[in-house]
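> Everything below, folded, please.
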Amino acid sequence: MFKCIAAVATIGFSSFAWAQENSEVVHWADVGNWSIFADRTLGNACYAVTVYESGIFLRAGFNGSGSGGDTYVAVGSLDWKSIEFGKEYDITFQMDREAPWNGTATGAIIGEVPFLVIYHDNYDFFEEFARKLGIRIIYEGKQIANLSLRGSHAALMSMIECQAVVNEYSTRPKEKDPFKEPSGNAVSGKDPFI
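Numbering: from 1, shown residues only. The predicted structure follows:
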């Protein structure tokens, strides 16, 4: 699977690299009802996001900020105006009928949307997120969202492809002088055009 991801990453590298240099958030792909982006302001991290008819946003991604875990999941809505930036909220995620995932979310504003964001290092969560059909979000014993996870597997695979390309691009030398020798010394006094 990872060989396939690397091949796709190589194919998309040129146009993606150009876009990466010219904007803060780069659109990578649309996969079903999910959109995949890379965000330079978040440490060049990729994420998948979808919005439901109810106006609820669901976002999952890699954490490039260096704080919290390696990954995150976030749920938000323009209607949730009372979410306070930086405040902690105990919430529960439950995929289908699996055991619930309890965690402490932090209030955040992404764009203009209030979100609850949970950072973690548990990749089992994302495996369940990709395999299951739905997710319920519970706050203070009340269900605040019941969302379809249709297409989440393909979206997360695309997000992984995106991150592979971003990581490759980020580690490439940024040399812009085509006449410079690999050692870093300028081309000798000979004119290469004669």
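
> what about E84, which SS state?
Following DSSP: H, G, I helix; E, B strand; the rest coil, E84 is assigned to coil.

> In contact with it, which residues?
With contact taken as CB atoms under 8 Å, 6 or more residues apart in numbering, E84 is in contact with G107. For glycine as for every other residue, the C-beta is placed from the backbone atoms N, C-alpha and C.

> pLDDT score assigned to it?
Note on E84: pLDDT of 96.

> Does the residue nearest to E98 when sequence neighbours are not counted lie in a helix or a strand, and which?
Nearest non-adjacent residue to E98, counting by CB to CB, 6 or more residues apart in numbering: E128, 5.9 Å away. Following DSSP states H and E, one finds E128 within helix 123-131.

> residues of that helix that come out buried?
F125, F126, E128, F129, A130 (16 or more other CB atoms under 10 Å).

> Against which helices or strands is whichever helix or strand comes after it packed?
Beyond helix 123-131 in the direction of the C-terminus, DSSP H and E gives the next helix or strand as strand 134-139. Applying 3 or more CB pairs under 8 Å, 6 or more residues apart in numbering; DSSP states H and E, one finds that strand 134-139 contacts strand 88-95, strand 142-148.

> got the angle for strand 134-139 vs strand 88-95?
Orientation of strand 134-139 against strand 88-95 (axes from the mean of the first three to the mean of the last three CA atoms, to 10 degrees) gives an angle of 160 degrees.

> Just want the angle from strand 134-139 to helix 123-131.
Going by the same axes, to 10 degrees, strand 134-139 makes 130 degrees with helix 123-131.

> Tell me the gap between strand 134-139 and the middle of its chain.
20 Å (CA atoms, centre = their mean, to the nearest Å).

> What of stretch 83-90?
In terms of CA atoms, centre = their mean, the centre of stretch 83-90 is set 21 Å apart from its chain centre.

> in that stretch, what's buried?
Those would be I83, Y89, for stretch 83-90 by 16+ other CB under 10 Å.

> May I have the distance across it, first residue to last?
By CA to CA, to the nearest Å, the extent of stretch 83-90 from end to end equals 12 Å.

> Stretch 137-144 now?
End-to-end distance for stretch 137-144: 6 Å, by CA to CA.

> Show the contacting residues for Y52.
With CB under 8 Å, 6+ apart, Y52 has these contacts: L58, L147, S148.

> Next, the angle from the helix or strand containing P114 to strand 134-139.
Secondary-structure assignment from DSSP H and E places P114 in strand 113-120. Per the same axes, to 10 degrees, the angle that strand 113-120 makes with strand 134-139 is 100 degrees.
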